[in-house]
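Peer 1: what's the 3D shape of this:
(2 chains)
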There are 2 protein chains.
Amino acid sequence: MKLTAKGQATRQRIIEGAASYLRGDGAASVTLDDIRAITGTSKGQIFHYFPDGKEELFLAVARFEAGRVLSDQQPHLSALTSWAAWERWRDSVVARYRAQGRNCPLGVLMGQLNTTPGAHEVIGTLLDRWQSELREGVAEMQEAGLVRSTVDADRASAALIAGIQGGVQVLRSTGSVTHLEAALDLVIDYLRG
Amino acid sequence: MKLTAKGQATRQRIIEGAASYLRGDGAASVTLDDIRAITGTSKGQIFHYFPDGKEELFLAVARFEAGRVLSDQQPHLSALTSWAAWERWRDSVVARYRAQGRNCPLGVLMGQLNTTPGAHEVIGTLLDRWQSELREGVAEMQEAGLVRSTVDADRASAALIAGIQGGVQVLRSTGSVTHLEAALDLVIDYLRG
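Peer 2: Below you'll find the model as predicted:
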């Protein structure tokens, strides 16, 4: 479907309205009617901008949120070239998820899109990009002689991704960033040797 | 409610039947009617054994599964007193979750009990016990002089819990244990110094 610039803007407004609702307290689930009410959109408009309905809209919101996960970590994530940069990145991740607290828009969306291939693709793409930036950061530190060459950059970046995912999961359940911080700090300590 | 020995056995049969169903392929969600059908139980029986209905039954299944998460790691988890023991424990965790694959009974239950305080309590208790066994293991290795005394046992055990949780989450989405293995191996390498 080809949208006009105005159509594109309306579509984006619906996506961002839904995303903003999911970042609020108590949004443990969401329906198409919730999103219509929040964004002041008619059923006809929703199906005009998202012809496949709920799943297409939810996936668009999930993609938008996945993009924010990475952009919220910039400019640090793409320039992990010194220990100071790693610490700034670490702090930005903790601050982001501390502010998010128990409310995880992607988590809520994934809970509702659980079994759809599209949902796996959104999360898979997010984790791949994220891990690839981290792998690049480790490799650059190795080239600069700041991380020993015996460290496996693939494994270290995978361990970071696992630790962040698990830390955020614990945060969603307990409200505490302790596990997220422990995972980040331990891997960075490991890299520092 | 005081149950006879026979009543206890029936109640347990319902719990284990539901758990077994959730371990199967494609059980992305479950209803009370599913569990009645699977376990050949009448509505009256369900409410006799679980007077508060669905939530009480689901929490009982979640508690049963949480107990299995820990018992599946024994005897290794409670005797982390050598590097060989840590490696056996690591292998038992990977084997357990590799066998489980994308099917995570606790994950499915948590998806459906998401917002209930009882669900948070089941997961919180599981993670606390798990982390406490790991912390004890690190402390024992320190007492034996096998792990340097500067390692923070609290932080290392929290990082392990985060890495396992995140690794299992990635496994549920991708079907691969790579992240789980990376997280476990990196923390063990860190402990080995």
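Peer 1: SS state for residue A:74?
Peer 2: Using DSSP: H, G, I helix; E, B strand; the rest coil, the secondary structure recorded for residue A:74 is coil.
Peer 1: compute the number of surrounding residues for it.
Peer 2: 12 (other Cβ atoms under 10 Å in any protein chain shown). All C-beta atoms are positioned from the backbone trio N, CA, C, and that covers glycine.
Peer 1: which residues touch residue A:32?
Peer 2: For residue A:32, the contacting residues are A:46, A:53, A:54, A:57, by Cβ atoms under 8 Å, 6 or more residues apart in numbering or on different chains.
Peer 1: up against chain B, what does chain A have?
Peer 2: A:28-29, A:111, A:114-115, A:120, A:123-124, A:127, A:154-156, A:158-159, A:161-170, A:173-174, A:178-180, A:182-183, A:185-187, A:189-190 (Cβ under 8 Å from any Cβ of the partner chain).
Peer 1: and residue A:4, backbone torsions?
Peer 2: Dihedral pair for residue A:4: phi -70, psi 170, per degrees, to the nearest 10.
Peer 1: report how many residues lie close to it.
Peer 2: 8.
Peer 1: that one and chain B: what is the separation?
Peer 2: 36 Å (Cβ to the nearest Cβ, to the nearest Å).
Peer 1: before we move on, the earlier item: which among the residues of chain A next to chain B count as buried?
Peer 2: The neighbour-count test (16 or more other Cβ atoms under 10 Å in any protein chain shown) applied to the residues of chain A next to chain B identifies A:111, A:114, A:120, A:123, A:127, A:155-156, A:158-159, A:161-170, A:173-174, A:178-180, A:182-183, A:185-187, A:190 as buried.
Peer 1: mind checking which of those land in helices?
Peer 2: A:111, A:120, A:123, A:127, A:155-156, A:158-159, A:161-170, A:173-174, A:178-180, A:182-183, A:185-187, A:190 (DSSP state H).
Peer 1: coming back round to it: neighbour count, secondary structure and pLDDT for the contacts of residue A:32 - can I get that in JSON lines?
Peer 2: Shown next, in JSON lines, are these (neighbours: other Cβ atoms under 10 Å in any protein chain shown; DSSP: H, G, I helix; E, B strand; the rest coil; pLDDT from 0 to 100):
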{"residue": "A:46", "neighbour count": "21", "secondary structure": "helix", "pLDDT": "91"}
{"residue": "A:53", "neighbour count": "12", "secondary structure": "coil", "pLDDT": "86"}
{"residue": "A:54", "neighbour count": "16", "secondary structure": "helix", "pLDDT": "86"}
{"residue": "A:57", "neighbour count": "22", "secondary structure": "helix", "pLDDT": "91"}
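Peer 1: farthest-apart pair in these, please.
Peer 2: Of all pairs drawn from those, the greatest distance, 8.7 Å, lies between A:46 and A:54 (Cβ to Cβ).
Peer 1: can you give me the mean pLDDT across stretch A:20-30?
Peer 2: The pLDDT scores in stretch A:20-30 average 76.
Peer 1: how about residues contacting that stretch?
Peer 2: Under the criterion Cβ under 8 Å, 6+ apart, residues A:18, A:34-35, A:38, A:61, A:65, A:100, A:103, A:105, A:108-109, A:111-112, B:114-115 lie in contact with stretch A:20-30.
Peer 1: and the helix or strand of chain A with the lowest mean pLDDT, what does it pack onto?
Peer 2: When the helices and strands of chain A are compared on mean pLDDT, DSSP states H and E, helix A:105-113 comes out lowest with a mean of 80. Here helix A:105-113 touches helix A:5-22, helix A:54-71, helix A:117-143, going by 3 or more Cβ pairs under 8 Å, 6 or more residues apart in numbering or on different chains; DSSP states H and E.
Peer 1: which residue is the nearest non-sequential neighbour of residue A:140?
Peer 2: residue A:81 (5.3 Å; Cβ to Cβ, 6 or more residues apart in numbering or on different chains).
Peer 1: which SS state does that neighbour fall under?
Peer 2: From three-state DSSP, the assignment for residue A:81 is coil.
Peer 1: that one against residue A:142, yeah?
Peer 2: No. Assessed by Cβ atoms under 8 Å, residue A:81 is found out of contact with residue A:142, at 11.2 Å.
Peer 1: point to the residue nearest the middle of chain A.
Peer 2: Closest residue to the average C-alpha location of chain A: residue A:69 at 3.3 Å, with Cα atoms, centre = their mean.
Peer 1: which ones are touching that one?
Peer 2: Counted by Cβ under 8 Å, 6+ apart, residue A:69 has contacts A:106, A:126, A:130.
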